[in-house]
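[1] sequence plus predicted model, see below.
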Amino acid sequence: MTHIDAGAELDPVHPVAPPTGRATGLTAAEVAERVARGEVNDVPVRSSRSTTEIVRANVFTRFNAIIGVLWVIMLFVAPIQDSLFGFVIVANTGIGIIQELRAKKTLDGLAVIGEAKPTVRRDGVAAEISTSEIVLGDLVELGPGDKIPVDGETVESDSLEVDESLLTGEADPVVKKPGDKLMSGSFVVAGGGAFTATKVGREAYAAQLAEEASRFTLVHSELRSGISTILKYVTWLMIPTSIGLIISQLVVKDDNFKESIAYTVGGIVPMIPEGLVLLTSVAFAIGVIRLGRKQCLVQELPAIEGLARVDTVCLDKTGTLTEGGMDVTELRPLNGSDEGYVREVLGALGESDPRPNASLQAIIDAYPAAEEWRCTESLPFSSARKYSGASFSEGDGQDSTWLLGAPDVLLPAGDPALDEVEHLNHQGLRVLLLARAAGDLDAPDLAAGARPTALVVLEQRLRPDAADTLRYFEEQNVQAKVISGDNAVSVGAVAAKLGLPGAQNTVDARQLPAERAAMAEELDAHSVFGRVTPQQKRDMVGALQSKGHTVAMTGDGVNDVLALKDADIGVSMGSGSEATRAVAQIVLLNNSFATLPSVVAEGRRVIGNITRVATLFLVKTVYSVVIALLVVCSQVEYLFLPRHLTLLSTLTIGVPAFFLALAPNTERAKPHFVRRVMRYALPGGIIAALSTFATYLLARHHYVGEGAREAETSAATLTLFLVSLWVLAIIARPYTWWRICLVAAMGLGFLLVLTIPYLQDFFALKLVGTTMPWAAVAIAAVAAAATEFAFRWIDRRFAA
């Protein structure tokens, strides 16, 4: 508890001179000195990767190195058309860099908008500055919800309570008095004050941790780690297969070294799923750009993927389902209290808190302060306590102590006033009780014996888009759980107005079991919870996760920070406290809850489509490895030149994958990415390889004389293309007009190559006679039917 001067107000926005006797902070000259010495808080804010890092990540990859070497070799030993694969890689890399730079520009612009600006007192004037401009010795002001940006020592404390749980694991807020240490990374839950910065930059306690944890990254997601796992196995398969292929081709074609090299490279290049990593990066980058246009700041890329996997969204009512502001609609005096006197008390209470929350701000707007009342002590509001208070010296010389907060916390069970409160709560109204305390503010049982004086009825403004958003989640089979610190009945009434299923069965969180498994059962059975403490919010998120749910948490207040941090995905409003914005992976800068479906949809589009196109890429890798192994074992010449597989890859994978990766997709992302992709890639690739090799062996017996080699390759290419096209047709389902046109266009493209003389010569593809080409088509038809059967059997066998 702190004795305060009635005039001692802190204004976090407008520069004001502090009252006499309070610290004035550094002078402009002292700040300049410290900047010159480098004593500045130079830790970079959460940011995107640098341009150099983006270029390095796209250019210097393992597969780019392998393909680069093979490309250089091919430029010396074969015609330019056999080196086309190298130009494709250059183009792919360029596209990847451009898209990521666009994403970086979007993110950096949004990060500036969403950056928290602490209030620093210099030359006796308080003003907001960027976190990076704080210098050693600066006097930083604090209020509820502020994140402590640097280490320091408390100088002023107005019942300052700090939550250090993100750093120390200690759940209870710590009361800070002048002289106490403050650690960067902790945040204020109640009260206010000021501290002197004693460690800035990378020396601060949480700075190194924050720099590493907050840096924008493309890693740490199941999708990207899954692709890395696939690429690792592909590399292990490639090395022995490639060595065997090189040896076999040099033995088989000992009369033409350059041609054997060309065919060997033709066997190695298609084993590399080079476009898969590129498409993943591009899909994520385009997702960031699309969300950026909706004023949605993605602070960690895997958050896009995470939201696609979410099956439960926990919503804080205030600021999420309702708008931040409130209006006083009614004042109901109790026990014969004089309404005029009650208005004076409320005006004085509003004046006593320099950083009012939304409820108190509504009271301040409705009831101006009386000049003759002087605040002698104050108790700031805290979410754990559920009330605030203040002691006054009234104009007539009398002293009084008042409490303002939750009626069901301040009043004993069975109090007649609670029936009136219940009736108002059923209408979705928020009700605060004004009560006169019997003892001092520092009394341990302060609420006991408090005399009810009046009910303050507040109307919350529902977000106009909240009902549609909740309906969207219901349609997408995503459970919505409203968890609020407000009265349970009032929360249920608001949820019912918005059409949330289960709103009529509201649960008072004070009745919830503490044991995790039992709590999880209650959470699965109900949708709306009131009187939830900040620690309970965190426990509820953990309980849901223990049942296998992927949980997203939305919130804007300091009471949501712990739950946001523990949730799989934390979503904060842009107008939320500094602490919530700092721990959230996604910040809705326009404060619109309606943006959330766009984020979910974007995540589902990215993950669902990457899973689709990954199957295409890996079918090619599998059939390339199997064909190479068959060639090595049978000691025949390799089937294809690089140009043939460049053509096939472009028509059956590259071009369609680009369109499919960016198409709408509303299916919820499922776990086990690698397993699900390989289920289809292995049978698809093996069937394609066996059918192609069968056609090739048949063609070797059918064609003799000059031109036989080209005819054999053309027949094998026809079979491989038709089977690959059928795999594409399966992956493109469910069909829409543009998907059908896409598959048809790829087939038409191959037909043009077979019929236009220039393209026939360029790609060395010419079908000879009718018997073998039709045999190739027949074999492809059987393989396509086998692929269809295999994929359908897998769908039934591994449904999910």
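    Here it is on my side, so go on.

[2] mind pulling the model confidence for A8?
    pLDDT for A8: 36.

[3] then L722?
    95.

[4] what about the nearest residue to V40 once chain neighbours are set aside, distance to P149?
    Nearest residue to V40, sequence neighbours excluded (Cβ to Cβ, 6 or more residues apart in numbering): V135, at 5.4 Å. Just so you know, the C-beta spots here come from the backbone N, C-alpha and C atoms, and that holds for glycine as well. Going from V135 to P149 by Cβ to Cβ, to the nearest Å gives 12 Å.

[5] then V704?
    From V704 over to P149 the distance is 81 Å, taken as Cβ to Cβ.

[6] those two: which is more packed in?
    The residue with more neighbours, out of V704 and P149, is P149; 29 against 9, by other Cβ atoms under 10 Å.

[7] so what's the more buried one scoring on pLDDT?
    Reading off the model, P149 has pLDDT 83.

[8] and K181, by the same measure?
    On pLDDT, K181 comes in at 90.

[9] circling back to that earlier point, overlap of the contact sets of V135 and P149?
    Residues touching both V135 and P149 by Cβ atoms under 8 Å, 6 or more residues apart in numbering: N41.

[10] could you look up the SS state of the most centrally placed residue in the chain?
    Nearest to the geometric centre of the chain sits A303, at 2.0 Å (Cα atoms, centre = their mean). Per DSSP: H, G, I helix; E, B strand; the rest coil, the local secondary structure of A303 is helix.

[11] burial of the residue nearest to V40, as a residue count?
    The tally of other residues near V135 (other Cβ under 10 Å) stands at 24.

[12] how far away is it from V155?
    V135 sits 16 Å away from V155, going by Cβ to Cβ.

[13] now L759
    79 Å.

[14] who's more crowded, those two?
    V155 (18 against 15).

[15] what lines up beside the helix or strand where the more buried one lies in the sheet?
    V155 is part of strand 151-163 when elements are defined by DSSP states H and E. Paired with strand 151-163 in the same sheet, following DSSP bridges, are strand 174-175 (antiparallel), strand 181-182 (antiparallel), strand 187-199 (antiparallel).

[16] in that strand, what's buried?
    By neighbour count on 16 or more other Cβ atoms under 10 Å, the buried set for strand 151-163 is D151, G152, T154, V155, E156, S157, D158, S159, L160, E161, V162, D163.

[17] same question, stretch 175-184
    Under the neighbour-count criterion of 16+ other Cβ under 10 Å, stretch 175-184 has K176, D180, L182, M183, S184 buried.

[18] cool, and stretch 702-721?
    Of the residues in stretch 702-721, those buried (16+ other Cβ under 10 Å) are 702-703, 710-721.

[19] so where is the stretch 301-450 of the chain shaky, pLDDT-wise?
    Counting by pLDDT under 70, the stretch 301-450 of the chain contains low-confidence ranges at 301, 324.

[20] just the strands in it please.
    Using DSSP state E, counting those that start in this stretch, the strands of the stretch 301-450 of the chain run over 312-315, 322-333, 374-379, 387-393, 399-405, 430-436.

[21] adjacent strands (with direction) for the first one?
    Looking at strand 312-315 with DSSP bridges, its partner strands are strand 479-483 (parallel), strand 551-555 (parallel).

[22] would you turn those strands into TSV with distance to L523, mean pLDDT and mean neighbour count?
    Listed next are the strands paired with strand 312-315 as TSV, based on distance: least, Cβ to Cβ, whole Å; pLDDT from 0 to 100; neighbours: other Cβ atoms under 10 Å:
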stretch	distance to L523	mean pLDDT	mean neighbour count
strand 479-483	7	90	24
strand 551-555	10	88	29
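
[23] figure out which of these is closest to T27.
    Closest to T27 of the strands paired with strand 312-315 is strand 551-555 (Cβ to Cβ; 39.4 Å).

[24] returning to that earlier point: looking at the buried residues of stretch 175-184, spot the one nearest T196.
    Distance to T196 across those (Cβ to Cβ) is lowest for L182, with 9.3 Å.

[25] the closest one against V174, yeah?
    No - L182 is beyond contact range of V174, at 9.5 Å (criterion: Cβ atoms under 8 Å).

[26] which residues do those two both contact?
    V162.

[27] which ones are touching Q81?
    With contact set as Cβ under 8 Å, 6+ apart, Q81 has these partners: R643, F762, F763, A764.

[28] can you lay out those residues as CSV showing secondary structure, distance to P664 and neighbour count?
    Formatted as CSV, the contacts of Q81 follow (DSSP: H, G, I helix; E, B strand; the rest coil; distance: Cβ to Cβ, whole Å; neighbours: other Cβ atoms under 10 Å):
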residue, secondary structure, distance to P664, neighbour count
R643, helix, 35, 23
F762, helix, 36, 16
F763, helix, 34, 20
A764, coil, 39, 18
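
[29] no further questions, thank you.
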